[in-house]
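Asker: next one to model:
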Amino acid sequence: MTELLPYVLLGLLGGVLSGLLGIGGAVVLIPMLVYVFGFDQHTAQGTTTALMLPPIGILAFMQYYKSGYVNVKVAALICVGMIVGGYFGGYLGTHISPVVLKKIFGVALFVISMQMIFWK
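Answerer: Numbers count the residues shown, from 1 in each chain. Next up is the predicted model:
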């Protein structure tokens, strides 16, 4: 049972950051699964994708919704695109090398962080 606790704690960290910052757990979970838990890139991304299946963000959503910070129409439209895009992204992600996949993920995180830091 104690070997499961680190995964629960990682989920707690990802959930807190996701709810607090709206960044999505993958930004935290994928690097942690790769560098701390020793997962390969494909398995880390596949595992993190599996986390999205249950409504893990429902409680954070409820807090934002109650405070008037959710545009439900826009969220629903984006969700439709996410379903289709997720299918094609999953297909592409499983058909490229782990090295290339890791580099693409790293570049995406870098670009996002630079925009967050320097964009006005």
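Asker: list the residues that contact Ala50.
Answerer: Listed by CB atoms under 8 Å, 6 or more residues apart in numbering, the contact set of Ala50 is empty. To be clear about C-beta, it is placed using only N, CA and C from the backbone, and glycine gets the same treatment.
Asker: which pLDDT value goes with it?
Answerer: The model reports Ala50 with a pLDDT of 78.
Asker: mind checking which helix or strand it is in?
Answerer: Per DSSP states H and E: Ala50 is located in helix 41-51.
Asker: could you do Lys103 as well?
Answerer: helix 98-118.
Asker: buried residues in that helix?
Answerer: Burial within helix 98-118, assessed by neighbour count using 16 or more other CB atoms under 10 Å, is assigned to 101-102, 105.
Asker: can you redo the residues you listed as CSV with distance to Pro31 and pLDDT?
Answerer: As requested, the buried residues of helix 98-118 are exported to CSV (distance: CB to CB, whole Å; pLDDT from 0 to 100):
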residue, distance to Pro31, pLDDT
Leu101, 13, 91
Lys102, 10, 92
Phe105, 8, 89
